[in-house]
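[1] predicted model and sequence follow; I will ask about them next.
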Amino acid sequence: MQRLTAALVLILASLVALPVLAAEPVLKLYGGANGLWYDGQVAESPSDFEGSANLRASLSPHISAVSGLFYGVNRSYVRGAAGLRFTATDVESRDFSIGLGIQYHLSSEASIRPEEWAPDVSIGWAPWLTRQPKLVLVAQGGYGLDSKQVSALVGVRYQLWKGGAR
Amino acid sequence: MNILDILTKGAGIPADTVRRLILAGAKAVPDLADEAQALIDKLDATLTSEKLIALGAEIMTEANDIAHGKIDPRDHPSDAA
């Protein structure tokens, strides 16, 4: 647990500290909403509708540190996630990308939202890049390494802020 | 295996269901028809082992750059997920 906490602290510290080395803004904060569904293999986790705040730091063309805070509307829980994501598609594309990564998940209700590492595949699509450049449609499939549950997230994000440049 | 297969296997949803869902969305919002087809084409792109190996090599190089304080950001929509 201490090592996990240390890894999380390192990831979150990179979100804050490393961007000051960059000439371009690397931090982006999104607000949004999404649905979350689980296909329980060991334990059942109910689906829910969540409000979200996501902070990411793009550190290189392929490597990003990502984090998110989510509030479950129906069951009033709070969960968090932080980790790394590697972009597997054209890194110059601003309207579509796919990322492979892993995040550690924390939860106020561990019985319904497991606390564990989960590798994931994420898709982001900005269909109206010229008219609505801050709007992104997202989807994510994940697999909990301890719970053996697969999860699916589909939602919308809106960029609220960007910054973190030198 | 293509990108859509990887995503839908993880989520436990048939890939064809996702394709039909995207096309249904395009029918409901005709402005999005071209973008929806482009999205399906991108999701159907093959993710070969060669591409993943090349990605791994690039990640190692970039991790070294980051360790040396060289930060080179990009705009990735998937980072918002």
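    Right, received. Where do you want to start?
[2] distance check, the residue of chain A found nearest chain B against A:Ser76.
    Per Cβ to the nearest Cβ, A:Gly124 is where chain A lies closest to chain B, at 2.7 Å. (C-beta placed from N, C-alpha, C; glycine too.) According to Cβ to Cβ, to the nearest Å, A:Gly124 and A:Ser76 sit 28 Å apart.
[3] more neighbours, the two?
    The neighbour comparison of A:Gly124 against A:Ser76 (other Cβ atoms under 10 Å in any protein chain shown) goes to A:Gly124, with 25 against 10.
[4] packing partners of the helix or strand harbouring the more buried one?
    Element membership of A:Gly124, judged by DSSP states H and E, is strand A:116-125. On a contact count with 3 or more Cβ pairs under 8 Å, 6 or more residues apart in numbering or on different chains; DSSP states H and E, strand A:116-125 meets strand A:78-87, strand A:96-107, strand A:135-143, helix B:3-11.
[5] pLDDT below threshold where in the chain?
    This is for chain A. The model of chain A has pLDDT under 70 over residues A:1-23, A:40-44, A:166.
[6] please refer instead to chain B.
    B:1, B:6-7, B:9-12, B:46.
[7] mind doing that once more with 50?
    Within chain B, not a single segment meets pLDDT under 50.
[8] residue in chain B nearest to chain A?
    For chain B, Cβ to the nearest Cβ, closest residue to chain A: B:Pro77, 2.7 Å.
[9] is it correct that that residue is in contact with A:Gly124?
    Yes - counting by Cβ atoms under 8 Å, B:Pro77 touches A:Gly124, with 2.7 Å between them.
[10] what's the overlap in contacts for those two?
    Both B:Pro77 and A:Gly124 are contacted by A:Phe96, A:Ser97, A:Val136, A:Val138, under the criterion Cβ atoms under 8 Å, 6 or more residues apart in numbering or on different chains.
[11] now, of these, which are buried?
    Neighbour counting by 16 or more other Cβ atoms under 10 Å in any protein chain shown classes A:Phe96, A:Ser97, A:Val136, A:Val138 among the shared contacts of B:Pro77 and A:Gly124 as buried.
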